[in-house]
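J.: coords please:
(one chain, ligands or ions: 2)
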Amino acid sequence: MDDCLFCKMVAGEIPCDKVFESDKVLGFKDIYPQARTHLLFIHKEHTSNVNQMSGEQIATIFEAIKTHTEEGLVEAGFRIVTNFGSNAGQTVFHTHFHVLGGEKLSSFGS
Ligand code: AMP
Ligand code: ZN
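T.: Ligands and ions are numbered 1, 2, ... in the order given. Predicted coordinates:
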């Protein structure tokens, strides 16, 4: 999609610090990390929020997160978050899943 930051990363027009890539999914480091490890996982096909995604697309992203976290984060623990809409704090409108971990996280919502 034109004018979408994350689509531009998928296209290689904007650099990102990749941690995972398959034909369908891209995982990269968040530029403003909120935890020792803070990654973003996106499906390469543009959707604006999780309700626009098919079950297959969601499953594909979670499989990628599962594969990636098995290489290090499982022991430390991690949290998966997706913000839906500006009231929830969504600022980039290409659906993404935050993976936060690598340390003790604050209680959820506090
Ligand atoms: P959200 O607020 O849930 O929409 O999350 C968007 C996330 O994208 C934020 O955590 C930002 O720090 C992150 N972000 C914005 N620009 C970039 C970038 N160029 N590279 C990596 N992460 C980014
Ligand atoms: Zn996009």
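J.: need the residues of the chain near ligand 2, please.
T.: Along the chain, the residues adjacent to ligand 2 under the rule Cβ under 5 Å from the ion are 1, 4, 6-7, 46, 94. To be clear about C-beta, it is placed using only N, CA and C from the backbone, and glycine gets the same treatment.
J.: Stretch 70-83: which residues count as buried?
T.: For stretch 70-83, a neighbour-count test (16 or more other Cβ atoms under 10 Å) marks 73, 78, 82-83 as buried.
J.: Please list which of these also come close to ligand 1.
T.: Asn83 (Cβ under 6 Å from any ligand atom).
J.: Flag the least confident of the buried residues of stretch 70-83.
T.: On pLDDT alone, Leu73 ranks lowest of the buried residues of stretch 70-83, at 88.
J.: Surely it touches Thr37?
T.: Yes. The pair Leu73 / Thr37 is scored as a contact, 6.3 Å apart, by Cβ atoms under 8 Å.
J.: Can you work out which residues contact both of the two?
T.: 99, 101-102 (Cβ atoms under 8 Å, 6 or more residues apart in numbering).
J.: What ranges does this structure have for its strands?
T.: 18-21, 25-29, 37-43, 78-81, 97-101 (DSSP state E).
J.: neighbours of Ser107, just the number please.
T.: By the criterion of other Cβ atoms under 10 Å, Ser107 has 5 neighbours.
J.: Make a markdown table from the shared contacts of Leu73 and Thr37 and add pLDDT to it.
T.: Shown next, in a markdown table, are the shared contacts of Leu73 and Thr37 (pLDDT from 0 to 100):
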| residue | pLDDT |
| --- | --- |
| Val99 | 98 |
| Gly101 | 95 |
| Gly102 | 92 |
